[in-house]
Every structure is written in C-alpha cells, then in structure tokens.
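Student: Predicted model, plus sequence, below.
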Amino acid sequence: MKPELTLTARSTWRDPVPERPAGPGRAFWAAIVAVVAMACLAFLLSSGQLRAPAVFGPYSVSVPIDFRVYDPERWAIMNADDYADALRIDPTLPDPNSVGYGDAAALPPADPALLREEAFVGPPAKPYAFRGVTALDRERAHYCLTAAIYYEAASESDDGMRGVAQTVINRVRHPSFPNTVCGVVFQGSQRAGVCQFTFSCDGAMARAPSKPNWLRASRIASAALGGYAFPKVGLATHYHTQAIWPRWGKSLVMTNIVGAHIFHRWRGRWGMPDAFRAPYLGREPVPGPYLPVAQQLAILRGGSAALLPDGSGTLAPLPNAAPAPLPSAMAQPIGAPAAPVLPAAPPQTYADPRLNQSGQVREEFRGSGEWKR
C-alpha cells in the first residue's frame, strides 16, 4: 500500500508576522471612551438633569409652603388704595421712599431737534487740551487761534466763532495738516492767494482789530485750547461762506451751517474720530503771515507776483493802523492810563477784476466784512 504524501509548508513560504503599531492599542482607546462616558453620566446625575425612567415609579418634588392658599390680610394689603391704608393693616411694611424710586425714574425725553442735529452733523470731536511746552508756545497758540477766529468770523455770533475755532482744532489733531496751531492757521501764507485761511495772504491783517471783538475771539480761543469741543460742527476740517460753493465741496461731507459758514468733513475713515489722533508736541512756530502784509497788498494791487525779499524793492506802505496785537496786550491792568483813541481809518476797499466771481456776491452778503457803525 502506497503511503500518503504529507506536505508541510516551508518557513520561507509563510507570510511575515505583522508588526504591532507603535501607538496605544484598542484597549487604551476603549478605556478612554468608558471613562468619559462614566464622567458624563455622573455629571448628569449630580445636576438633576437625568430623571429616572417611568418604570421605577413617578417623579415627584416636594416644595415647602409657608403661606396659606387664601390669606385675607395679604389680599387686603394688595387691594389697599394707598400706602397709608396698607400700613394700618401691616405696620411692618417698608417705607417706599427709602428705596429711592425717584432717582430710578426714567430720564426726560430727548429733544427731537437735538437728535436730528446730531444725526446730521455726525460724531462730535473729542475734547483735547492743548498745553504748550513753554509760556511762549502757549502765547503763540493763543494768538494764532484768536487771529483766525477774529479775521474769519469777527462779525458773527459766538457760535460762528466757535465753529471756526473747532475747525482749526480739528486740523491740528488730523494727520493731513500741521500739528501746531500756528502752523495750521498760517499754512501756505508765504504765497499770496493760495493759503488755507484767506485772511493770512490777502492783506486782511492790515486792518486794525476791534478791541471788543478781539477780546471775544480771545475768550473763545482760550476755551477751545482748554478742551472745549463745539458739537455743532462735529469733525469739520473745511468751511466756506454761503456766498460761494468751491469745487472741493462735492468731495466732502457737509456737517452743518453755522452763521455765514458751511462746514465739511472728510469722507470715509479719514473723517471718523479714530483719524483725529495726531499728537500735539507743544512747540509752536513763529506766528505768520510768512509773506509780509505789504507784499500781499502790492501783489493784490497789480504788482509783481514774485516774492520780494525783505528790505528790497519798493513796497506799498502799510495803512496807518496797528497790527493785530497779542491777547495779553489787549487787557490793560487796573489803574493804567487809557490808550489814546485814534481816529478810525476809512475801511479798505479792494476791487480787482482778476478775482474769482467779482461782482457776483449775493445781496445778503454784500456787506460782509464791513464794520457796523
């Protein structure tokens, strides 16, 4: 009988034994899941969110009650007409005046006109106190702002002056303009007709200032430099009179009309409160105008438009009037002799056909800039 053939696989024919992974195995992760499940179950049981199923019996809660279902005394207190009747029923009632409900009363309704004005003007300027490094810097800032207020809005009301002052303050705080008061007021005054504030390059400073209006402008300038913010113009950085409408007016946002001026602010983020954060260093330059008034008058009267160096050439003589004094020179000490009163000089009149829209001023503004007698 032929024996059965038994074949055995050689070791080289077998598949290699797979290597165990280096990380934790299934048992480790199963233990983690079990621990998390037990922790969640314990949390639910301790918080009372998990109720026992109905098979174990109904769910009931006992709440202690310390009052009767119907209490005639409490019912009478609730239906009392006033506090005196309720106090006769229960003398232990607290006094309602001791709680201070009068202080917690609602605020009076806001004025709709004020809300409408705030929505139209936009965000107000943040108060900021300008403190110069030295007394000279503070005096220069006070003089420059007073001059801008006086020569731009001397014939207007206090609000009209405050609007001009707030515009200058906003420019000082904005990175697009110089960060000094005198630098903003006399920016571009080294050339005739191209300055930011026209009084600094059109010869207007040749007029002697009126003492009452100068003192009024000085007080408003002191308040503005001390931190007073005029909310009616908001964050305005530009303005012009109602008699004209410049080309740049369409590119800005109008905030308000105060007096004879229309105020504007920048569009977009450049006109938001976050943009008005330029630091004030407290160092003021020499006040202008940086082009002498005599040269301004010479150019406006048809002279050469080139800048004349000081002491050279034939310049038109200054009018017989004192220049704009510093604010400290306006207040006389008690007991000081009064200054002699000079005869009033005739007002200067300028008529130049080269001026823009000459002779087309609206009738209500035809006398703007003239002193009232």
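Tutor: Perfect, I can see it now.
Student: From now on I want contacts and neighbour counts done on CA atoms only, so please keep to that.
Tutor: Noted.
Student: Just the pLDDT for P340.
Tutor: In the prediction, the pLDDT value recorded for P340 is 52.
Student: Make 30 the starting number, not 1.
Tutor: In the new count, where the first residue is 30, that last one comes out as P369.
Student: And the strands in the protein, which stretches?
Tutor: Using DSSP state E, the strands found in the chain span residues 267-270, 282-287, 290-294.
Student: who does the shortest one pair up with?
Tutor: Here the strand partners of strand 267-270, with direction, are listed using DSSP bridges: strand 290-294 (antiparallel).
Student: Go ahead and name everything in contact with the strand it pairs with.
Tutor: By CA atoms under 8 Å, 6 or more residues apart in numbering, the surrounding residues in contact with strand 290-294 are 189, 262, 264-271, 278, 281-286, 300.
Student: hmm, back to that, tell me which of the strands of the chain sits most buried.
Tutor: strand 290-294 (a mean of 25; mean count of other CA atoms under 10 Å).
Student: Please give me every residue in contact with the residue nearest to L174 when sequence neighbours are not counted.
Tutor: Nearest residue to L174, sequence neighbours excluded (CA to CA, 6 or more residues apart in numbering): A250, at 5.9 Å. Neighbour list for A250: H171, L174, T175, I178, A194 [criterion: CA under 8 Å, 6+ apart].
Student: Same question for D187.
Tutor: I249.
Student: rerun that using 10 Å as the cut-off
Tutor: Contact analysis of D187 by CA atoms under 10 Å, 6 or more residues apart in numbering lists R245, A246, I249, G288.
Student: Check Y309 too.
Tutor: Y157, A158, F159, R160, G161, V201, R202, P207, N208, T209, V210.
Student: Quick check on these: which are buried?
Tutor: Y157, F159, R160, G161, V201, R202, P207, N208, T209, V210 (16 or more other CA atoms under 10 Å).
Student: thought the last one was touching V201?
Tutor: Yes - when contacts are counted by CA atoms under 10 Å, V210 is listed as touching V201 (6.2 Å).
Student: intersection of neighbour lists for these two?
Tutor: With CA under 10 Å, 6+ apart, V210 and V201 have common neighbours F159, Y309.
Student: Tell me where the model's unsure across this structure.
Tutor: For the chain, the stretches flagged by pLDDT under 70 are 30-47, 50, 76-90, 92-99, 127-136, 332-391, 393-402.
Student: how about the helices in it?
Tutor: 55-76, 101-107, 112-118, 141-150, 164-182, 187-202, 210-214, 240-254, 322-329, 356-359 (DSSP state H).
Student: and of these, who's closest to F305?
Tutor: Closest approach to F305 among the helices of the chain (CA to CA): helix 187-202, 5.0 Å.
Student: Buried ones in that closest one, by neighbour count?
Tutor: Buried, per 16+ other CA under 10 Å, within helix 187-202: 188-202.
Student: nearest to A142, of those residues?
Tutor: Nearest member of the buried residues of helix 187-202 to A142, counting by CA to CA, is D188, at 17.4 Å.
Student: roughly how far apart are that closest one and A194?
Tutor: Here the criterion is CA to CA, to the nearest Å. By it, D188 lies 10 Å from A194.
Student: same deal with P238?
Tutor: 18 Å.
Student: wait, M234 sits on P318?
Tutor: Yes - contact criterion CA under 10 Å: M234 and P318 qualify, at 8.6 Å.
Student: Between these two, which is the more surrounded one?
Tutor: Neighbour count, other CA atoms under 10 Å: between M234 and P318, P318 has more, with 22 against 18.
Student: quick one, what contacts that one?
Tutor: So P318 contacts 211, 214-220, 224, 228-230, 232, 234, 325 (CA under 10 Å, 6+ apart).
Student: please redo it, this time with the cut-off set to 7 Å
Tutor: Applying CA atoms under 7 Å, 6 or more residues apart in numbering to P318 gives the contacts F215, S218, S229.
Student: State the distance from it to M67.
Tutor: Remark: distance between P318 and M67 (CA to CA) = 85 Å.
Student: between the buried residues of helix 187-202, which is nearest A139?
Tutor: Using CA to CA, the buried residues of helix 187-202 come closest to A139 at D188, 22.1 Å.
Student: what bridges to the residue nearest to the closest one when sequence neighbours are not counted?
Tutor: In space, not counting the residues next to it along the chain, D188 is nearest to V287; the distance is 7.0 Å by CA to CA, 6+ apart. V287 has these beta-bridge partners by DSSP bridges: H290.
Student: Distance-wise, check Y179 relative to R236.
Tutor: 11 Å.
Student: do Y268 as well
Tutor: Counting by CA to CA - Y268 and R236 are separated by 23 Å.
Student: ditto for E185
Tutor: With CA to CA as the criterion, E185 and R236 are 17 Å apart.
Student: just P137 next, same as before
Tutor: 49 Å.
Student: More neighbours: which of these two?
Tutor: Using other CA under 10 Å as the criterion, P137 and R236 rank with R236 on top: 19 against 6.
Student: Could you give the number of residues near A307?
Tutor: Quick note: A307 (other CA under 10 Å) scores 17 neighbours.
Student: you'd agree it is up against F206?
Tutor: No - counting by CA atoms under 7 Å, no contact exists between A307 and F206, whose distance comes to 9.4 Å.
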